[in-house]
Structures are given as structure tokens and as C-alpha cells.
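kindly generate the corresponding structure for this input.
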Amino acid sequence: MNKKILIVGGCGYIGGFLTDFLSSKKNYSVTVYDNLLFENRFLKNCNFVFGDIRDYDKVASIASNFDIVIWLAGLVGDGACSVDPDLTNELNVNAFVKFVDSFSGKIVFPSTCSVYGVNNELIDEKAEPNPLSLYASTKLEAERYVLEKRPDSLVFRLGTLFGLGDNHSRLRLDLVANILTKKATLGEKLTVFGGEQWRPLLHVRDVSTAIDHCLTKNVSGLYNLSYENFTIKDLAKDICKEINCNIKYIDMKFEDLRNYRVSNKKILATGWSPCYNIQDGIQQIQKVIKENRIKDTQNSVYSNAQYIKEIYG
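Residues are numbered from 1 along each chain as shown. So this is what the prediction gives:
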């Protein structure tokens, strides 16, 4: 029997590929719920409901018809979340809490490795969180709530995403690997501040492969989801191996103080493994930009923080 899945926030960077990926599986029936914040149309061949997650009664009524809800909605990133703290709390915590209290099926919730903040050790899911931003603290509050209320839920602490999702939804050019790849493709020098800070990276499509794997295996609980840990310096070097470019190192701290390496042993032990590597992501972004498939790479729609500032700032 087909499982009915509702992807809340299914038109975003993660949701675009996830919608296509799960729709291609014979055992899922997929519906997207989204307010089209970053889009002006939704033409995919799947069920669609237009709506805002702050419409609590509407969300609860619709979700009650589904076996599984994957909650991707909310504001993502330190910059976007700092524009309007009240709005951030409303979207990232309050709306999700209201949903959790009203829904009885399986919940999948992507959180973030940003909850770790600064930690010089290789850390697993038992490490003490140290959120340094409103984004990280709201994600931590939301994940703790759903895991306490619904221990059967699936929560991923995502590494920093990179690469191309589906071929239609908005691409993010405000993520470190994508930013540096864009600059290299455009012939710009890569400027690296410090460069010794660590980030766990994850191809955006592997969020979908992990969700599908865990739903198939009926996996629950909290998992770090990443592909590999990189220093920003080594990431820049990898990009220059794929694209001929120069790197300028500046010996000073960048405003983003996060520094953490995560262990993904727990999720690997379930049988999942990443399908995409950093070279895949670099080549995808390079191709899109080199072929002029993006009319204006500086357009604010490709940056969460810039776009949210324009709307709510």
C-alpha cells in the first residue's frame, strides 16, 4: 500500500529534488504544501496545496490525511533568521510545535549541525550543543520538542549543503561550496578568511537519499547527516583542482565563528551512505553558471539572507 507523504516547504532547495525523488518511487504518494516564498509558480506533476505554516488549523487539517510529514518549512541560515527574530521564532518554533501537537503520523525534521557552534573535537550526536545564532537555537528548540513528544520521529542534523538539487527549483548560491564554485567559474579570485575552520558538507540530493533510506528501513531518532568534513581552505583547494583559479588567504577571523567536525557513523550504521561527492557538486554548479542558465547570479533570490531582508527587513 502506498504511503501518503506531505512535504511541507517542498518548493525549496531541499524540497525540489526530494519531491521528484520520492514521487519516482512506486510506494509513495507525494503532496507539496508551500507558500511559494521564493517561487512564482509550481508546475510539477504532483499534488500541491498553497498555504502558510502559520495557518495552524489548515496545516493540521491537511496533515491528518497523511502517513508521513516531512517538515522542511521555516527560515534557514543565520542571516535570514536575524532579520526579524519574532518572525523566525514564529516560523521555526511555534508553527512546528503546533503541528507536532496535532499530528499522529511519522514526522521527519531536518535540523542543522549549526547547533554545535564551536567544538574542536570530532563530535557525535551525544555532544553538547552550543548554538551561536538564532537560527541554530530555534532549530535546536524544535528538534528537542519533537524528539521529546514523538520519539518515533526522524531528525537529521544536516551538514552544510552544496550542489544542484532538481532542475527547476531555486538554487542557493549563499552556501560556502556553491559561493566559491560560482566565483571560480566567473574567473574571480577565491578569498579565504583564516580557512582552518571546519564544516561537515553534504550534497543537497543526499538529504533525499537519506530520508528515503530511513523511511524504507523505519529508522527513527537523531542523526548527524553529512558526507565529509572539510576545512574551508581545503574546500577552496578542491574547487581549484576542478576549476583553474587562484586563492587569496587572509589571516583573520571571519564573522561566522562556527567551527565543528561531526561524526556520521551513526547514520552509516543504518546502511545509508552518501551518493554524491564534492566533485559532483562543483561540476554541477560550474555547468549551470558556465552555460548561463542563471541570468543574474547576484539576484537576491539565490541568497536566503538578502531575499528575506528585501521582504521583511
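
going forward, measure contacts between C-alpha atoms and count neighbours the same way
Will do.

for residue 82, what are phi and psi?
For residue 82, the backbone dihedrals are phi -80, psi -10 (criterion: degrees, to the nearest 10).

can you tell me, leaving aside adjacent residues, what's nearest to it?
Sequence neighbours aside, residue 134 is the residue nearest to residue 82 in space, at 6.7 Å (criterion: Cα to Cα, 6 or more residues apart in numbering).

I'd say the one you found and residue 80 touch.
No - taking contacts as Cα atoms under 8 Å, residue 134 lies outside contact range of residue 80: 9.8 Å.

could I get the full set of helices for the protein?
13-23, 56-63, 78-82, 85-89, 95-102, 134-149, 176-185, 204-216, 232-242, 265-268, 278-290, 304-312 (DSSP state H).

and the shortest one, C-alpha only, in PDB?
To tie it back to what came earlier, the one meant is helix 265-268. Coordinates of each C-alpha in helix 265-268 appear next as PDB, following Å, rounded to 0.1, in the frame of the first residue of the first chain:
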ATOM      1  CA  LYS A 265      29.000   6.800  12.000                       C
ATOM      2  CA  LYS A 266      25.500   6.500  13.500                       C
ATOM      3  CA  ILE A 267      23.700   7.100  10.200                       C
ATOM      4  CA  LEU A 268      26.200   5.000   8.200                       C
END
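
from here on, count from 556
Understood, numbering begins at 556; the last thing we discussed is helix 820-823.

so what touches it?
778-780 (Cα atoms under 8 Å, 6 or more residues apart in numbering).

can we see that at 6 Å?
By Cα atoms under 6 Å, 6 or more residues apart in numbering, the surrounding residues in contact with helix 820-823 are residue 778.

swap in the second one?
For helix 611-618, contacts defined as Cα under 6 Å, 6+ apart pick out residue 657.

so which bits of that helix are buried?
By neighbour count on 16 or more other Cα atoms under 10 Å, the buried set for helix 611-618 is 611, 614-615, 618.

quick check, pLDDT for the residue nearest to residue 637.
pLDDT recorded at residue 689 is 98.

how near is it to residue 823?
According to Cα to Cα, to the nearest Å, residue 689 and residue 823 sit 30 Å apart.

circling back to that earlier point, now the buried residues of helix 611-618 in TSV, with pLDDT and distance to residue 643?
Converted to TSV, the buried residues of helix 611-618 look like this (pLDDT from 0 to 100; distance: Cα to Cα, whole Å):
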residue	pLDDT	distance to residue 643
611	97	16
614	98	18
615	97	20
618	98	22
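
could you single out the nearest of these to residue 725?
Nearest to residue 725 among those: residue 614, at 23.7 Å, using Cα to Cα.

just give me how far stretch 841-860 sits from the chain centre.
Taking Cα atoms, centre = their mean, to the nearest Å, one finds stretch 841-860 lying 18 Å from the centre of the chain it belongs to.

where does the stretch 706-855 of the chain have low pLDDT?
807-812 (pLDDT under 70).

mind doing that once more with 80?
806-813 (pLDDT under 80).

got the contact list for residue 685?
Contacts here follow Cα under 6 Å, 6+ apart; on that basis residue 685 touches 670-672.

just put those residues in TSV and tack on neighbour count.
Putting the contacts of residue 685 into TSV (neighbours: other Cα atoms under 10 Å) gives the following:
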residue	neighbour count
670	25
671	25
672	20
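
would you turn the helices of the chain into CSV with distance to residue 557?
As requested, the helices of the chain are exported to CSV (distance: least, Cα to Cα, whole Å):
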stretch, distance to residue 557
helix 568-578, 11
helix 611-618, 16
helix 633-637, 37
helix 640-644, 35
helix 650-657, 23
helix 689-704, 25
helix 731-740, 36
helix 759-771, 12
helix 787-797, 41
helix 820-823, 25
helix 833-845, 32
helix 859-867, 35
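
which one of the contacts of residue 685 is nearest residue 702?
Distances from residue 702 to the contacts of residue 685, taken as Cα to Cα, are shortest for residue 670 (15.2 Å).

how far away is the closest one from residue 758?
For residue 670, the distance to residue 758 - Cα to Cα - is 19 Å.
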